[in-house]
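K.L.:
pasting the sequence and the predicted model now:
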Amino acid sequence: MASDGAKLALYRLIKRGYRVAAFIHDEVIIELPVNCNHREEAKKISEIMISSMNIVCPDVRVKTEYALMRRWIKGAKAVYDKDGNLVPYDSRSEERRVGKEC
């Protein structure tokens with residue numbers, strides 16, 4: 001059923017004009033314009049994903065996580081600037097931050 005929900009979500013994303021670049025296991029990679037409101041687009045994408053899964057699995061609680069990145073990075077997290085804008089995740093920054101905590 002999860003596969004059916006994922007395929008429905010991919011179909012609905014494409015029909016809404018999103019450029020789906022890849023689907024890897026449970027991750028959807030979508031290309032967005034550089035100059036859009038990435039946080040709002042991420043919310044719209046998340047709503048499409050959740051509503052699609054709810055059609056197939058109505059009794060299962062579904063949630064999504066998103067991150068903005070310039071290239072796909074496993075384990076990327078959402079990063080926001082001081083104004084609350086979604087900004088690209090930078091693995092080098094994460095590595096430096098983690099290194100300082102050790």
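P.N.:
That came in fine, so what should we check first?

K.L.:
quick one: secondary structure of the residue nearest the centre of the chain?
P.N.:
Central residue of the chain (CA atoms, centre = their mean): residue 66, 3.2 Å from the mean position. At residue 66 the chain is in coil, as set by DSSP: H, G, I helix; E, B strand; the rest coil.

K.L.:
just give me the longest helix of the chain.
P.N.:
In the chain, with assignment by DSSP state H, the single longest helix is helix 38-56.

K.L.:
just give the nearest non-adjacent residue to the residue nearest to the centre of the chain, would you?
P.N.:
Sequence neighbours aside, residue 42 is the residue nearest to residue 66 in space, at 4.3 Å (criterion: CB to CB, 6 or more residues apart in numbering). No exception for glycine: its C-beta is placed from N, CA and C like everyone else's.

K.L.:
do the same with residue 53
P.N.:
residue 5 (3.9 Å).

K.L.:
the residue nearest to residue 66: what's it in contact with?
P.N.:
66, 68, 78, 86 (CB atoms under 8 Å, 6 or more residues apart in numbering).

K.L.:
that one and residue 69, how far apart?
P.N.:
12 Å (CB to CB, to the nearest Å).

K.L.:
which of the contacts of residue 42 count as buried?
P.N.:
66, 68, 86 (16 or more other CB atoms under 10 Å).

K.L.:
got the phi and psi for residue 87?
P.N.:
Main-chain torsions, residue 87, degrees, to the nearest 10: phi -120, psi 160.

K.L.:
okay, helices next: where are they in the protein?
P.N.:
Taking DSSP H as the criterion, the chain carries its helices at 2-15, 38-56, 91-101.
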